[in-house]
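Trainee: Below are the sequence and a predicted model; questions follow.
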Amino acid sequence: RGSRWRHLQWDTNMAASSTDAVQAYVEKEWDATIVPALTEYIKIPNQSPLFDPECLSNGLMEKATKLMTDWVDTQKVPGLKMEVLQNEGMTPLIYMEVAATDPDAGTVLLYGHLDKQPPFEGWVPPWAPYDPIMTKDGKLYGRGGADDGYAIFAAIAALKGLKISGKSHGRAVIIIEACEESGSPDLPTYIEMLKPRIGSPDLVVCLDSGCGNYDQLWVTTSLRGIVAGTLRVSITTEGVHSGDSSGVIPDTFRIARKLLDRVDDSGNGVVKVPELNCDIPEARVKQTKVAAGILGDKIHTDFPFLPGAKPASESLVELALNRTWRPTLTVTGAAGLPPLAQAGNVLRPTTALMLSVRIPPAVDPKMAQAALKVTLEADPPYGATVVFDSSKAGPGWESPALAPWLEAAAAKASATYYGKPAVYYGEGGSIPFMGMLGYLFPAAQFLIVGVLGPASNAHGPNEFLHVPYAKKLTCVVASVLADHCKLRLGGAGGVTAAADACVHPAKRLKTDFGRDSEGKKI
């Protein structure tokens, strides 16, 4: 499907000289063009290929991509080149470059994605997945606005804000992929194609993470990986009347329960498989304690518990560590079970469960995948046929040691735009691209941020984008890019020397991000 470059010209009428020019521009642009564009984007049900096998032929992903690139065209950012790549049988990828204001200002890579999770059930009227609504307090409801449709708009607005205010910045490479929610299967191929053009970024900004509250900047320091697969337990060739067979034929659901007990303790949820656990770095424990102190009970009260329901632990710090640095097992789907209205008195031949195992940042996903298969399939109870079929094993990620300049830049930006200090915290989800970049660019610094805060509910019903927080985050990105450029041009080796001193954790894992779960090269 070829590619197209667009050489965009600078609109001189947009120049501004106010010291608040960046923030003024960002506020205006979000209200005037970004929110309207995001509203139209939310209406498009462009689900990731894992959930919509027809996404490449039904025109939905192409429509969402065009909406975003058309908006970028209207921004007329000086020095911007944009290309839409799409290999045969793959999702599209938007690739952009914005030339540096100075050739010695280094390279920054900014990342986001445009594919969406399925709508899920449970949206509370008037909220609906593809019928966007903006509330008076600035929440834009609808699927994909927060995860991660806003990213391309925030990245471009941050750069244009710098242009308008006359501030310098390094060369910016922006990548917006369209299969992140499927584990980014197409991304290794595109990155391999683009590596010579990307170069060696010394700062990576990811706009697909979360925030603990909407009051300050939250910087993600780690992400958990994932191993997912289907556990299938079979005992007979067909269903049998339960009055005739129960007590003679073991129930496959009970067998599945016994097998799951090998993985985690059903009493407390602690995962028992050694290969799925790792030691938690002391620095991360200290950061988690600080974050837990700021969040307080909101660590669990922001979740939609039923009245009387309680979290997995009474300790806030333990809850925070559970969701960031410890493995967890979740059953996310089932087969072999008829609908309740059609459930007769039959002992079923098979029970199949979809298992999602979140693994700590430092755990090798291939080793975890192999350990799970051995644990579940070995010595099956009652001689049942047990198969664990796992095709998804994604790595976690841990940020390299934060360079002093980046820590200072984040602190300044948070204080300037939020009026509170920045907080460093792990996230429980996965962003496959981060591990890949950590491996490819071990000298880079990472600023992982996002808008997925309390009740925003990405992947679930009633997802919303907190627009006031997103506006401030856009300003934060602009501020950090400006400080990065200042340090690069100011000499003293601040950026590069700090980066050279860091060995990224992904390098230590030696994960092959260019191969699938069977080891075949992508």
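Mentor: Happy to help now that I have it.

Trainee: Where do the strands of the stretch 101-250 of the chain begin and end?
Mentor: Taking DSSP state E, counting those that start in this stretch as the criterion, the stretch 101-250 of the chain contains strands spanning 107-113, 133-134, 139-141, 171-177, 203-210, 218-223, 225-234, 240-241.

Trainee: would CSV of the ones you listed with mean neighbour count be doable?
Mentor: Every C-beta, even on glycine, is put in place using the N, C-alpha and C of the backbone. Formatted as CSV, the strands of the stretch 101-250 of the chain follow (neighbours: other C-beta atoms under 10 Å):
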stretch, mean neighbour count
strand 107-113, 25
strand 133-134, 16
strand 139-141, 22
strand 171-177, 24
strand 203-210, 25
strand 218-223, 26
strand 225-234, 22
strand 240-241, 14
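
Trainee: Compare these and give me the one nearest Lys63.
Mentor: strand 171-177 (14.6 Å; C-beta to C-beta).

Trainee: so what strands line up beside that closest one?
Mentor: strand 93-98 (antiparallel), strand 107-113 (parallel) (DSSP bridges).

Trainee: Run the chain-centre distance for the last one.
Mentor: Distance of strand 107-113 from the chain centroid (C-alpha atoms, centre = their mean, to the nearest Å) equals 13 Å.

Trainee: Residues in contact with it: which ones?
Mentor: 100, 148, 150-152, 154-155, 169-181, 198-208, 433, 437, 441, 444, 477, 481, 484 (C-beta atoms under 8 Å, 6 or more residues apart in numbering).

Trainee: Taking the centroid of the protein, which residue is nearest it?
Mentor: Nearest residue to the geometric centre of the chain (C-alpha atoms, centre = their mean): Ile431, 4.0 Å.

Trainee: Do you know the pLDDT at that residue?
Mentor: For Ile431, the pLDDT comes out at 86.

Trainee: and what of Thr12?
Mentor: 31.

Trainee: Present the strands paired with strand 171-177 as CSV; the columns should include mean pLDDT.
Mentor: Supplementary listing: the strands paired with strand 171-177 in CSV, determined by pLDDT from 0 to 100:
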stretch, mean pLDDT
strand 93-98, 98
strand 107-113, 98
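
Trainee: how about those, which one is nearest Glu463?
Mentor: The nearest among the strands paired with strand 171-177, by C-beta to C-beta, is strand 107-113 at 14.6 Å.

Trainee: Next, format the strands paired with strand 171-177 as CSV and append distance to Leu465.
Mentor: Shown next, in CSV, are the strands paired with strand 171-177 (distance: least, C-beta to C-beta, whole Å):
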stretch, distance to Leu465
strand 93-98, 19
strand 107-113, 13
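
Trainee: Quick one, which of the ones you listed gets closest to Asp251.
Mentor: Asp251 sits nearest to strand 107-113 of all the strands paired with strand 171-177, at 41.9 Å, using C-beta to C-beta.

Trainee: could you turn that closest one into PDB, dropping everything but the C-alphas?
Mentor: This file holds the C-alpha atoms of strand 107-113, laid out as PDB (Å, rounded to 0.1, in the frame of the first residue of the first chain):
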ATOM      1  CA  THR A 107      16.500  12.800  19.100                       C
ATOM      2  CA  VAL A 108      13.300  12.100  21.100                       C
ATOM      3  CA  LEU A 109      11.000   9.200  20.300                       C
ATOM      4  CA  LEU A 110       7.300   9.600  21.200                       C
ATOM      5  CA  TYR A 111       4.900   6.700  21.200                       C
ATOM      6  CA  GLY A 112       1.200   6.000  21.200                       C
ATOM      7  CA  HIS A 113      -1.400   3.700  19.600                       C
END
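
Trainee: what's the angle between it and strand 203-210?
Mentor: Here strand 107-113 runs at an angle of 20 degrees relative to strand 203-210 (axes from the mean of the first three to the mean of the last three C-alpha atoms, to 10 degrees).

Trainee: Name the SS class of Gln287, please.
Mentor: helix (DSSP: H, G, I helix; E, B strand; the rest coil).

Trainee: Look up how far Met434 lies from it.
Mentor: In this view, Gln287 and Met434 are 17 Å apart by C-beta to C-beta, to the nearest Å.

Trainee: So between those two, which is more surrounded?
Mentor: Met434 (26 against 20; other C-beta atoms under 10 Å).

Trainee: and that one, that's in a helix?
Mentor: Yes: when the secondary structure is assigned by three-state DSSP, Met434 falls within a helix.

Trainee: which ones are touching the nearest residue to it once chain neighbours are set aside?
Mentor: Spatially, and ignoring its direct neighbours in sequence, Met434 is nearest to Trp397 (4.2 Å; C-beta to C-beta, 6 or more residues apart in numbering). Residues near Trp397 by C-beta under 8 Å, 6+ apart: Ser222, Leu223, Gly225, Pro361, Ile431, Met434, Gly435, Gly438, Pro505, Ala506.

Trainee: before we move on, the earlier item: the residue nearest to the centre of the chain contacts Cys206, correct?
Mentor: Yes: taking contacts as C-beta atoms under 8 Å, Ile431 lies within contact range of Cys206: 6.4 Å.

Trainee: joint contacts of the two?
Mentor: Contacts common to Ile431 and Cys206, judged by C-beta under 8 Å, 6+ apart, are Ile448.

Trainee: Give me the pLDDT for Leu260.
Mentor: Residue-level pLDDT assigned to Leu260 equals 98.

Trainee: Distance check, it against Gly396.
Mentor: Applying C-beta to C-beta to Leu260 and Gly396 gives a distance of 22 Å.

Trainee: okay, those two: which has more neighbours?
Mentor: Taking other C-beta under 10 Å, Leu260 and Gly396 do not tie; Gly396 has more neighbours (34 against 16).

Trainee: Would you quantify the distance from the more buried one to Phe433?
Mentor: Counting by C-beta to C-beta, the gap from Gly396 to Phe433 is 13 Å.

Trainee: How about Val124?
Mentor: Taking C-beta to C-beta as the measure, Val124 falls 32 Å from Phe433.

Trainee: How about His459?
Mentor: Distance, His459 to Phe433, by C-beta to C-beta: 17 Å.

Trainee: higher neighbour count, these two?
Mentor: Between His459 and Phe433, counted using other C-beta under 10 Å, Phe433 has the larger neighbour count: 24 against 14.

Trainee: In the stretch 401-522 of the chain, what residue spans correspond to strands?
Mentor: Going by DSSP E, counting those that start in this stretch, the stretch 401-522 of the chain shows strands at 423-427, 445-452, 464-466.

Trainee: now those strands in JSON lines, with distance to Gln342, mean pLDDT and mean neighbour count?
Mentor: Formatted as JSON lines, the strands of the stretch 401-522 of the chain follow (distance: least, C-beta to C-beta, whole Å; pLDDT from 0 to 100; neighbours: other C-beta atoms under 10 Å):
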{"stretch": "strand 423-427", "distance to Gln342": "40", "mean pLDDT": "96", "mean neighbour count": "23"}
{"stretch": "strand 445-452", "distance to Gln342": "38", "mean pLDDT": "97", "mean neighbour count": "25"}
{"stretch": "strand 464-466", "distance to Gln342": "36", "mean pLDDT": "98", "mean neighbour count": "25"}
